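Peer 1: everything below, folded, please.
(one chain, ligands or ions: 1)
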Amino acid sequence: MNVLVVKANNRPSTEAISSKMYEAFMAELEGKNLNITTYDVYEEDTPFFGQDMFNAFGKVENDEELTDVESRLLAAKQKAMDAFSAADVVVFTFPLWNLTIPAKLQTFIDYVYAAGFSFKYGAEGNLIPLMTDKKAIFLNARGGVYSTPEAAPMEMAVNYMHNVFGGIFGMEIIDEVIIEGHNAMPDKRDEIIAKGIEEVKASAHRLADLTIKV
Ligand SMILES: Cc1cc2nc3c(=O)[nH]c(=O)nc-3n(C[C@H](O)[C@H](O)[C@H](O)COP(=O)(O)O)c2cc1C
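Peer 2: Take a look at the predicted model:
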């Protein structure tokens, strides 16, 4: 089984809880004989998706010379799609920032969210997911509390990831660990984080077990 880990935070794990989750998950999988690839959205050269991409598609079609940004975009999109295609399980480690995901993770999604690749439309205009053979795991941290009915609709990180990868792509979300409230409740901070990291470790073990069974 091929596991792609999409790391979406470049803050150090001494400060960032989602980076801590990434490190705990990876440490737990060490020596498990899995084929793990990390795609670090902050290490990749990923220009923003926009008209440059469409210009690049047109130029490739007409065999015209690409500008620097056009060729960087095409290469980055291809790399993201190849990494995604090769994966059986995709693990996302990401923070909630400003109610949503970091822009670098959004750009990765912009690269792989494509008609004919991750979804298509049926004859009646119905959406057909194309990634139904893949599984996803979400590891997320958020300083406030968004699991209450009042706050849940404001949350656009985990909700968004569900809509994209579960809804549009049709992937099975096999596991999810959310550490929340450690900023809102400073007196419980250490306890919340320690408990969450234990859940991350358990998630890594579930993945390792899954791999062995398949
Ligand atoms: C740039 C930035 C924006 C943030 N925005 C929010 C927010 O909108 N709501 C919230 O509850 N916490 C917010 N936080 C706190 C994070 O959710 C918290 O630090 C959590 O652990 C995830 O980020 P981290 O992995 O970088 O620590 C923000 C933190 C940063 C650094």
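Peer 1: got the residues of this structure near the ligand?
Peer 2: Residues of the chain found near the ligand (CB under 6 Å from any ligand atom) are 9, 11, 16-19, 95-99, 141-144, 183. Where you see a C-beta, it was placed from the backbone N, CA and C, and this is true even at glycine.
Peer 1: how about the closest residue to D133 other than its chain neighbours, what does it touch?
Peer 2: Using CB to CB, 6 or more residues apart in numbering and skipping the chain neighbours, the partner closest in space to D133 is D88 (7.8 Å). By CB atoms under 8 Å, 6 or more residues apart in numbering, the contact list for D88 reads 1-3, 133-135, 214.
Peer 1: farthest pair in those residues?
Peer 2: Greatest spacing in the contacts of D88, by CB to CB: V3 and D133 (14.4 Å).
Peer 1: out of those two, which sits in the more crowded spot?
Peer 2: Using other CB atoms under 10 Å, the more surrounded residue of V3 and D133 is V3, with 22 against 9.
Peer 1: of the residues of the chain next to the ligand, which belong to strands?
Peer 2: Among the residues of the chain next to the ligand, the members found in strands (DSSP state E) are 95, 141-142.
Peer 1: now do stretch 54-69: everything it contacts.
Peer 2: 47, 52, 70-71, 73-74.
Peer 1: and which of those is nearest to the ligand?
Peer 2: P47 (21.5 Å; CB to the nearest ligand atom).
Peer 1: quick check: the gap between the spatially most central residue of the chain and the ligand.
Peer 2: Centroid-nearest residue in the chain, with CA atoms, centre = their mean: F92, separated by 3.6 Å. Separation of F92 from the ligand (CB to the nearest ligand atom, to the nearest Å) stands at 13 Å.
Peer 1: isn't that residue up against M161?
Peer 2: Yes: contact criterion CB atoms under 8 Å: F92 and M161 qualify, at 6.3 Å.
Peer 1: what residues do those two have in common as contacts?
Peer 2: Listed contacts common to F92 and M161 are 136, 138, 140; contacts here mean CB under 8 Å, 6+ apart.
Peer 1: now which of these would you call buried?
Peer 2: Listed as buried from the shared contacts of F92 and M161 are 136, 138, 140; burial here means 16 or more other CB atoms under 10 Å.
Peer 1: before I go, just wanted to say thanks for your time.
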